[in-house]
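# Could you work out the structure for the sequence below:
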Amino acid sequence: MKAYPFLLFPVILAFSCTNNTQLQNEITSLRAELEEVKRERYELMKAREDDFEQYEKIRDQYVQDKFEIRQELEKAKDALRQAGRYQSSSRVLQFEIDRLKVWAKALADGYGPGVWKWDVDADGPLFKGKTESTSVEALVNELNSSSKQMGEVKVVFKKVEGRTAYIGTTNDIQLTAGMGSYGANAYAQEVLYTLTSLPNIDCVYFDIEEGDHLAPGKVCR
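Numbers count the residues shown, from 1 in each chain. As a prediction, this is how the structure comes out:
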């Protein structure tokens with residue numbers, strides 16, 4: 001069979017065009033994949049940068065928090081040391097207070113039975129005179145006759161129970177509401193120190209009506 005070369009040219013041309021189209025498609029596909037890879041790489045790098053920034057923020061915050069915690073710990077340590085010094089000083093002070101109480105009681109007991117009267121300058125009761133009385137009732141009578149403050153409100157002896165003397169007054173309202181806090185306290189201190197000057201009495205029970213400045217109850221020296 002006789003060949004006709006001019007008939008093969010369209011076939012070759014068609015085949016060449018087909019190959020070129022496929023190649024172009026592959027190139028386009030590769031370019032698209034490359035762009036996708038670039039995009040993914042960019043996103044990874046951006047995420048890495050974001051993560052690094054976040055890490056730096058967390059690290060800085062951690063360093064700051066650690067610094068503040070250390071400061072607070074130092075403050076707490078200082079407070080504990082200061083509290084320890086205060087506690088030590090408080091124990092010494094309490095020891096001195098207890099010692100003075102013992103000394104004051106021994107001093108007061110050393111006077112023996114007698115009448116005590118409130119002294120404005122001393123702001124407390126002072127021993128005014130020894131007595132030969134040996135009973136609560138007798139001391140009550142001496143107290144009523146020796147103190148001007150007892151003029152309107154006399155002490156009333158009721159009983160002795162154990163080492164406690166029970167007393168009332170002739171005018172509870174005047175005592176608890178009419179003499180003011182200072183006057184009521186001075187009155188009660190005179191009674192307390194006078195009656196507890198007896199060796200067999202440690203406390204006084206005020207059997208009175210409650211008022212603004214004094215209430216019923218047991219008081220010990």
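
# where does the chain dip in pLDDT?
Within the chain, the segments meeting pLDDT under 70 span 1-20, 51, 55, 147-151.

# Tell me which other helices or strands the longest helix along it touches.
Using DSSP state H to assign secondary structure, the helix with the most residues in the chain is helix 5-111. If contacts are counted by 3 or more CB pairs under 8 Å, 6 or more residues apart in numbering; DSSP states H and E, helix 5-111 sits against strand 124-130. C-beta: built from backbone N, CA, C; applies to glycine.

# what separates the strand it packs on from the chain centre, distance-wise?
On the basis of CA atoms, centre = their mean, to the nearest Å, the separation between the geometric centre of strand 124-130 and that of its chain is 42 Å.

# Next: stretch 30-50.
For stretch 30-50 - counting by CA atoms, centre = their mean - the centre lies 61 Å from the chain centre.

# Next: stretch 56-68.
Average the C-alpha atoms of stretch 56-68, do the same for its chain, and the two points are 31 Å apart (CA atoms, centre = their mean).

# next one: stretch 138-149
Between the mean C-alpha position of stretch 138-149 and that of its chain there is a distance of 47 Å (CA atoms, centre = their mean).

# Which residues belonging to that stretch are considered buried?
139-140, 142-144, 146-147 (16 or more other CB atoms under 10 Å).

# Helix, strand, or coil at residue 219?
Reduced to three states with DSSP: H, G, I helix; E, B strand; the rest coil, the structure at residue 219 is strand.

# Touching, residue 146 and residue 117? I think so.
Yes. Under the criterion of CB atoms under 8 Å, residue 146 lies in contact with residue 117, with a separation of 7.2 Å.

# Just want the most central residue of this protein.
Among the residues of the chain, the smallest C-alpha distance to the mean C-alpha position (CA atoms, centre = their mean) belongs to residue 83, namely 12.8 Å.

# if I look at residue 98, how far off is residue 104?
Shown here: residue 98 relative to residue 104, a distance of 11 Å by CB to CB, to the nearest Å.

# Are there residues contacting both of residue 146 and residue 117? Which ones?
Each of residue 128 lies in contact with both residue 146 and residue 117 under the rule CB atoms under 8 Å, 6 or more residues apart in numbering.

# quick one: residue 90 from residue 96, how far?
Relative to residue 96, residue 90 is positioned 11 Å away (CB to CB).

# now swap in residue 87 and tell me
Taking CB to CB as the measure, residue 87 and residue 96 are separated by 15 Å.

# With residue 111 instead?
Between residue 111 and residue 96 the computed distance is 23 Å (CB to CB).

# quick one, which of those two is more surrounded?
Under the criterion of other CB atoms under 10 Å, the comparison of residue 111 against residue 96 puts residue 111 first, with 14 against 10.
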